[in-house]
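Peer 1: Provided below for reference: sequence and predicted model.
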Amino acid sequence: MQSTKTEVKPYSQDGSKRDQVEKMFDSISHKYDFLNHFLSLGVDHIWRKKAISRLKSLQPKKILDVATGTADLAIAALKLNPDQVVGIDLSENMLSVGRKKLSKKGIEHINLMQGDSENLPFEDDAFDAITVGFGVRNYENLEKGLNEMKRVLRPGGKLVVLEFSKPSAFPIKQMFTFYSKYILPLWGKIFSGSQEAYVYLPESVKHFPEGKDFINILSQCGYKNTSFSRLTFGITSVYEGTK
């Protein structure tokens, strides 16, 4: 199955998207948490809570958080009282920030490891639930990543994806477009030193197959009981699918 999304890369069309994404997140890791909270006006905490709440009825004991970054979604998953949470990410610098955060909070049963979301180092049917927060649009091959997550998900297990989307209602659409094009790259450059990363963000959102298009891809990859709901005027969406 070929990827159905337009490939957007952080730096240039030369070289692999995977390598560029790793380089980008390594470069902004020192300010990533601050910018996440600042640029979302703190609403990102609410988005993560709503995503994790989709797993409450499943009561998963083993959870994998893919593209975990600095582990915010993995930490939010502790509300479900799992036995184990594993977070995996390309960027070692992001994971380093995450490990310091876990140590500061005294959290011991989240294991963070470096790895490729499209080549997960786990056995088949290893996890009860998988979460991805703002990560699937960074996959080099979206379908490969979704199939790989399905492989390590147990039968009956659930995938929950939290991802940015594009608001369609006036005036939120116009405000979001202006904010993404002008404000986000400016503040991103000031605080992180990397304008490229915060130019890439809205471009990757723009070309991501959101809503029903993403649901169709989930279904094509073999996920069942797929659904999605929009949050905060459609700025983000939560997608669900079971194996």
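Peer 2: Happy to help now that I have it.
Peer 1: CA atoms for contacts and neighbours, from now on please.
Peer 2: OK.
Peer 1: Buried residues of the helix or strand bottoming out on mean pLDDT in the chain, list them for me.
Peer 2: The weakest-scoring helix or strand in the chain, judged by mean pLDDT, DSSP states H and E, is helix 184-192 (a mean of 76). Using 16 or more other Cα atoms under 10 Å as the test for burial, helix 184-192 gives Leu184, Pro185, Leu186, Trp187, Gly188, Lys189, Ser192.
Peer 1: Report the residue spans of this structure with pLDDT below the cut-off.
Peer 2: Counting by pLDDT under 70, the chain contains low-confidence residues at 1-6, 10, 12-13, 194.
Peer 1: Please enumerate the helices of it.
Peer 2: Using DSSP state H, the helices found in the chain span residues 17-28, 32-39, 44-53, 72-76, 92-105, 142-152, 172-178, 184-192, 195-207, 212-220.
Peer 1: if we can go back for a sec, residues touching the least confident helix or strand of the chain, excluding its own?
Peer 2: The set of residues that contact helix 184-192 without belonging to it, under Cα atoms under 8 Å, 6 or more residues apart in numbering, is Ile28, His30, Lys31, Tyr32, Leu35, Leu39, Ser194, Gln195, Glu196, Ala197, Tyr198, Val199.
Peer 1: Filter the residues you listed down to the buried ones.
Peer 2: Taking 16+ other Cα under 10 Å as the criterion, what is buried in the contacts of helix 184-192 is Ile28, His30, Tyr32, Leu35, Ser194, Gln195, Glu196, Ala197, Tyr198, Val199.
Peer 1: List just the nearest of the residues you listed to Ile63.
Peer 2: Distance to Ile63, by Cα to Cα, is smallest for Tyr32 among the buried ones among the contacts of helix 184-192, at 23.4 Å.
Peer 1: circling back to that earlier point, how much does the least confident helix or strand of the chain deviate in direction from helix 17-28?
Peer 2: Compare the direction of helix 184-192 with that of helix 17-28 by axes from the mean of the first three to the mean of the last three Cα atoms, to 10 degrees and you get 50 degrees.
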